[in-house]
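S.K.: Here is my input; please provide its structure:
(one chain, ligands or ions: 1)
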Amino acid sequence: MTQAFPQHFLIIDDDEVDRIALKRRLRAMAPKAAITEAASPLDGLKELENPSIECVMIDYDMPFCNGVSLVNSIRHTPATRHLPVIMITGTDEVAVAVEAIQQGADEFLSKADVNETTLGWAIHSALNRSELRREAASREAALRSFAFHAAHDLKSPLNGIVGLANVLQHTMDSLPAEARPFLAKIEEQGRHMASLIDNLLAFADTEQSPAEFEPVDLTAAAQQAASLLDADIREAGAHVTISDLPKTRGHAAQLERVFTNLIQNAIKYRTDAAPQIAISAEALGDQVRVDVRDNGIGVPDHLRERIFNPLDRGDADDDAGHGLGLSIVKRIIETHGGRIWCQPAPEGGSVFSFTLILLREA
Ligand code: ADP
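M.R.: Numbering: from 1, shown residues only. Predicted coordinates:
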């Protein structure tokens, strides 16, 4: 893929000497390109509001916020999420490079290695990656919209079939007795399919723009989820404890859905013992980790990553689900800038943990 060389660079680096050196190199490569400088991450974020910026170079090591958090924030802001970003560092440590790439940098260069050849290569590679990301996002959006509309259109004829099967069963006295179980089966399968469609609609509808985020009290979201599930909790004899959870920025209804799905699963995948579900949180710098712990059947090692894939039910082969709940949860957490994983609980059962950005009270 050949890309036009960027015509507007943004350099974010607190060290003026390094900024000047990088600027000189870029000038030599693209004499007409505009080069904007920012001496702090905050200034960098302000400059990023300029839509003409086509490539960003970020110093890894800056006071108050390292370059990696800045990349993370660029990737979670709709206007900048596809921008090519090159991380420039004072070290050539592999661990730093891996961290930078994992958080969304396209390329990584150590300051000692910067010359016109390496810089040119890094810029082209970053442009290619950014183009691939853009294409993947547009394909995903098209697919999501197709899934949403297809699921939506399937719902009304299906409701008709389920409704008619129900009417036939309950109103037709002349119906042969042996036909009734078949009608009951049609109704049951229809309801199962309707719930699959509801899940598909939810799956296709989880993309939220951070621009729509608002402060969310996670304690209230977890409590609301538990109260929605009150009947299931009572029926299973479950006990849910919710510790003091902090606030985050996000989409309240979707974060509530995260708790609903995780509590529902903790009840669904229980042992013979009454479900004990504990929801707690721990602050980790500018993030919070929320743990939802249960005493259920646990998730075998080899399924621990797979269960977050759409339609993957691990070892479960009953009719109790569709394998979409955790993929919806994962998508919601990721659109909030966090990640989710599952570990065995020390006393048996599982701990589902996810991270979110901590909202600091002013
Ligand atoms: P569903 O529950 O509809 O099958 P999910 O995506 O919510 O779909 O979960 C995927 C699979 O992960 C489940 O089928 C089950 O095998 C496993 N699983 C999820 N939550 C738990 C849990 N708390 N304990 C044990 N296994 C779980």
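
S.K.: hey, let's count contacts and neighbours off CA atoms from now on
M.R.: Fine.

S.K.: Quick one: name the residues of the stretch 151-300 of the chain near the ligand.
M.R.: Contacts of the stretch 151-300 of the chain with the ligand, taken as Cα under 6 Å from any ligand atom, map to 265-266, 269, 296-299.

S.K.: Could you rerun that using 5 Å?
M.R.: Residues of the stretch 151-300 of the chain found near the ligand (Cα under 5 Å from any ligand atom) are 265-266, 269, 298-299.

S.K.: Inside strands: which ones of these?
M.R.: Assigned to strands by DSSP state E, none of those qualify.

S.K.: Got a quick PyMOL command for the buried subset of those residues?
M.R.: Here is the PyMOL selection string for the buried members of these, based on 16 or more other Cα atoms under 10 Å:
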select buried, resi 265+266+269+298+299
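
S.K.: Can I get the residues of the stretch 151-300 of the chain next to the ligand in TSV including pLDDT?
M.R.: TSV is the format used below for those (pLDDT from 0 to 100):
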residue	pLDDT
Asn265	96
Ala266	97
Tyr269	95
Gly298	96
Val299	95
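
S.K.: Which single one of the residues of the stretch 151-300 of the chain next to the ligand is nearest to Val68?
M.R.: Using Cα to Cα, Val299 comes nearest to Val68 of these, at 32.3 Å.

S.K.: Hmm, Gly348 and that closest one touching each other?
M.R.: No - using Cα atoms under 8 Å, Val299 is not in contact with Gly348; the gap is 9.9 Å.

S.K.: what ranges do the helices span in the stretch 201-350 of the chain?
M.R.: Per DSSP state H, counting those that start in this stretch, the stretch 201-350 of the chain carries helices over the ranges 218-228, 230-236, 252-268, 325-335.

S.K.: among these, which gets the worst mean confidence?
M.R.: Sorting those by mean pLDDT places helix 325-335 lowest, at a mean of 91.

S.K.: residues contacting Glu107?
M.R.: 85-87, 101, 122-123, 125-126 (Cα atoms under 8 Å, 6 or more residues apart in numbering).

S.K.: and if we set it to 7 Å?
M.R.: Contacts here follow Cα atoms under 7 Å, 6 or more residues apart in numbering; on that basis Glu107 touches 85-87, 101, 122, 126.

S.K.: Can you say which of the residues you listed are buried?
M.R.: Applying 16+ other Cα under 10 Å to these, the neighbour count classes 85-87, 101, 122, 126 as buried.

S.K.: In strands, which of those residues appear?
M.R.: Members of those lying in strands (criterion: DSSP E): 85-87.

S.K.: of the residues you listed, closest to Arg331?
M.R.: Nearest to Arg331, judged by Cα to Cα, of those is Val85 at 23.4 Å.

S.K.: For the closest one, which non-adjacent residue is spatially closest?
M.R.: Leaving aside its sequence neighbours, Val85 sits nearest to Val56 (Cα to Cα, 6 or more residues apart in numbering; 4.8 Å).

S.K.: now swap in Asp198 and tell me
M.R.: Among residues not flanking Asp198 along the chain, Ala151 sits closest, at 7.8 Å (Cα to Cα, 6+ apart).

S.K.: count of residues packed around the one you found?
M.R.: 20 (other Cα atoms under 10 Å).

S.K.: Am I right that it is in contact with Asn199?
M.R.: No - taking contacts as Cα atoms under 7 Å, Ala151 lies outside contact range of Asn199: 9.3 Å.

S.K.: anything in contact with each of these two?
M.R.: Common neighbours of Ala151 and Asn199, counting by Cα under 7 Å, 6+ apart, are absent.

S.K.: Between the two ends of stretch 284-300, how far is it?
M.R.: Using Cα to Cα, to the nearest Å, one end of stretch 284-300 lies 28 Å from the other.

S.K.: buried ones in that stretch?
M.R.: Under the neighbour-count criterion of 16+ other Cα under 10 Å, stretch 284-300 has 287-299 buried.

S.K.: In those residues, find the pair that's most separated.
M.R.: Comparing every pair within those by Cα to Cα identifies Gln287 and Ile297 as the most remote, at 29.5 Å.
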